[in-house]
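Asks: sequence? don't have it. structure:
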Ligand SMILES: O=P(O)(O)OC[C@H]1O[C@H](OP(=O)(O)OP(=O)(O)O)[C@H](O)[C@@H]1O
Ligand SMILES: O=c1cc[nH]c(=O)[nH]1
Ligand SMILES: [Mg+2]
């Protein structure tokens, strides 16, 4: 559904809200957490690809020839922000098996909360692709903004969609201000950030919960 922000879509299907509630629960296991992140990424992917262009194709059914539609336009790349974004890749890949995957490694400095870039490996032809950046958490917006700026510097001139699971208003505003074209998809817009820049109520540290590191 539309939100107060022009370029932000809230994916609030009842099944999404149900799964998100389980994801937020501190007693949800790491295994279940990974499954839910993957499922939510698949559901969100439907929304993020809603406006993909279609072209006519001729198909011969067992009965006759007919004209149908197939997705056309630019090829896609999925770009997870490591680590937590990795948890969303498989869900989006189920929807778009042919999409290439690029990786951007970033972690937040615990004191300044600024993103530190430590890895990048993108498809060679990234400049010619539309991109879906995936990361479950949009907190201050520093990591997502840095990722989008990196992609623009690497020549991505077309569509960049950012898919997150939980977003804070300050993070949304940071990303929208930084890029005039980016579209954001999120399953929830939470209240605020705490003093450690964690989203409240949020779901904790997504990377640690996916990989069991804490
Ligand atoms: O909007 P921001 O304030 O930048 O915060 C969000 C970032 O923080 C988390 O990553 P983290 O730094 O915990 O790294 P990890 O995925 O390796 O755990 C999260 O997955 C985002 O990338
Ligand atoms: O709430 C938050 C904020 C940043 N990163 C997370 O994993 N969770
Ligand atoms: Mg983390």
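Replies: All right, it came through fine. Remember, predicted model here, so these are calculated numbers, not experimental data. Numbering: from 1, shown residues only. Ligands and ions are numbered 1, 2, ... in the order given.
Asks: And ligand 1, is the host helix or strand of residue 106 touching that?
Replies: Element membership for residue 106, per DSSP states H and E: strand 103-108. Yes - Strand 103-108 comes into contact with ligand 1 (Cβ under 6 Å from any ligand atom), by way of 106, 107, 108. For glycine as for every other residue, the C-beta is placed from the backbone atoms N, C-alpha and C.
Asks: Would you agree residue 175 is in contact with residue 140?
Replies: No - if you go by Cβ atoms under 8 Å, residue 175 and residue 140 don't touch, sitting 10.1 Å apart.
Asks: Looking at those two, which has the bigger crowd around it?
Replies: Neighbour count, other Cβ atoms under 10 Å: between residue 175 and residue 140, residue 175 has more, with 27 against 18.
Asks: residues contacting that one?
Replies: Residue 175 is in contact with 138, 141, 144, 145, 148, 162, 182, 184, counting by Cβ atoms under 8 Å, 6 or more residues apart in numbering.
Asks: my guess is it is in a helix, correct?
Replies: Yes - Residue 175: assigned to a helix according to DSSP: H, G, I helix; E, B strand; the rest coil.
Asks: picking up where we left off before, mind giving me the ChimeraX command for buried ones among the contacts of residue 175?
Replies: A single ChimeraX command selects the buried members of these (16 or more other Cβ atoms under 10 Å):
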select :138,141,144,145,148,162,182,184
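Asks: can you give me the helices in the chain?
Replies: Using DSSP state H, the helices of the chain run over 14-24, 30-48, 86-95, 142-153, 169-178, 206-211.
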